[in-house]
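**Student:** got a structure for you, letters missing:
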């Protein structure tokens, strides 16, 4: 089969993914050799000397998260990281008290409100443009992380890796009754990338395949921590870009700028896939996707979680189609200057609260 090329001879992004492996074993082993007996998947003590390796900026896109944002920010304030990290909240024109919550919290360094609803992709782009850290941790406004996570990331981040965390879904009411929830240990197996039981005889939404029998899937284990997903391989309905979930993921800021950030069109079309596309772009440049099993946060559902989920699913076919189209275009590179110029222009129309 002949590979389609663009007018300038560039390979499509899809083909770049087929050429990139994800064997991160040597990177992990090299880190462990320096880490004074700390395993890659172990919580990192505040005293670990590697914790000063990278500066970190936490970017939180916030839309209607007044129910959870205070708890999320409290958890950031409680991090045992001994080095300065910044917290940037970008409000996506919320109609609730999201801005007021962020404005009143001492851990927030920068707070910006978009001039209209533009989607999480644009909110993350604005936060990335404002960030000063070498590593950007994208954290959802309903993700509560344990005290060691910032140190885990700062100690392991490099300019060639995407560090993937996980999430444990829990109803907000449970937290509301128990202020000590942030001191519990989240359950890694609650993330679908770890334990996955898809319905049989139902078309899987991403790959379009149908399973004849029930499956007790273990994507993280069965792919050897995503190593076996290199070179465009898949695990049923999962591939390597799909493992990059911005609920909790750390990436090198320079690499995000180089590929042009998140594609803003996803936010206009509906929900999802903007993180998958960013993951694909970063993988195409040669970055390795490495999981951190200890970096698990509590994902706090809003009171109308079921209704919101149905609304998100309704728009997912449109964002998936957009992603498929982008896979056939050249892999983006060299977009830093245009990205900064675009975000700087947008910021002139935003409300800057701090």
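**Tutor:** Alright, I've got the coordinates. Given the structure is predicted, the values throughout are model-derived calculations rather than measurements. Numbering: from 1, shown residues only.

**Student:** contacts and neighbour counts: CA atoms only from here.
**Tutor:** Noted.

**Student:** okay, which residue is most central for this structure?
**Tutor:** By CA atoms, centre = their mean, the chain has its centre lying nearest to residue 246, at 1.7 Å.

**Student:** who's in contact with stretch 139-152?
**Tutor:** 43-46, 51, 56, 58-63, 65, 68-69, 71-72, 75-76, 78-81, 167, 182-183, 185, 246-249, 294-301 (CA atoms under 8 Å, 6 or more residues apart in numbering).

**Student:** hang on, the residue nearest to the centre of the chain packs against residue 275?
**Tutor:** Yes: at 5.9 Å, residue 246 counts as touching residue 275 under the criterion of CA atoms under 8 Å.

**Student:** returning to that earlier point: just the ones of the contacts of stretch 139-152 in strands?
**Tutor:** 56, 58-62, 167, 248-249, 294-301 (DSSP state E).

**Student:** in the stretch 1-150 of the chain, which spans are helices?
**Tutor:** For the stretch 1-150 of the chain, the helices defined by DSSP state H, counting those that start in this stretch occupy 13-19, 25-34, 69-77, 98-103, 120-130, 149-156.

**Student:** now tabulate those in CSV and tack on mean pLDDT, mean neighbour count and distance to residue 334.
**Tutor:** Output for those, formatted as CSV (pLDDT from 0 to 100; neighbours: other CA atoms under 10 Å; distance: least, CA to CA, whole Å):
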stretch, mean pLDDT, mean neighbour count, distance to residue 334
helix 13-19, 97, 19, 15
helix 25-34, 97, 13, 26
helix 69-77, 96, 21, 33
helix 98-103, 97, 20, 34
helix 120-130, 97, 25, 15
helix 149-156, 98, 25, 26
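
**Student:** relative to residue 214, which of the ones you listed is closest?
**Tutor:** Checking those against residue 214 by CA to CA gives helix 13-19 as the closest, at 29.1 Å.

**Student:** for residue 288, name its beta-bridge partners.
**Tutor:** Residue 288 has these beta-bridge partners by DSSP bridges: residue 161.

**Student:** residues contacting it?
**Tutor:** 21-24, 160-162.

**Student:** who touches residue 18 in this structure?
**Tutor:** Residue 18 neighbours (CA under 8 Å, 6+ apart): 230-233.

**Student:** what helix or strand does the residue lying closest to residue 245 once chain neighbours are set aside sit in?
**Tutor:** In space, residue 245 comes closest to residue 275 once its chain neighbours are excluded; the distance is 5.9 Å by CA to CA, 6 or more residues apart in numbering. Using DSSP states H and E, the element containing residue 275 is helix 274-284.

**Student:** determine the set of other helices and strands touching that helix.
**Tutor:** helix 13-19, helix 253-258, helix 305-327 (3 or more CA pairs under 8 Å, 6 or more residues apart in numbering; DSSP states H and E).

**Student:** let's go with 7 Å and repeat that
**Tutor:** Packing contacts for helix 274-284, counted by 3 or more CA pairs under 7 Å, 6 or more residues apart in numbering; DSSP states H and E, involve helix 13-19.

**Student:** by mean pLDDT, point me to the weakest helix or strand of the chain.
**Tutor:** Scoring the helices and strands of the chain by mean pLDDT, DSSP states H and E places helix 172-177 at the bottom, with a mean of 58.

**Student:** one step back: wait, doesn't the residue nearest to residue 245 sit right on residue 243?
**Tutor:** No: using CA atoms under 7 Å, residue 275 is not in contact with residue 243; the gap is 9.1 Å.

**Student:** next, residue 169: phi, psi?
**Tutor:** Backbone torsions of residue 169, given as degrees, to the nearest 10, read phi -70, psi 130.

**Student:** what pairs with it across the strands?
**Tutor:** residue 299.

**Student:** hmm, who's touching stretch 124-134?
**Tutor:** Contact with stretch 124-134 is made by 54-57, 59, 61, 88, 90, 252-253, 261-262, 340, 343, as judged by CA atoms under 7 Å, 6 or more residues apart in numbering.
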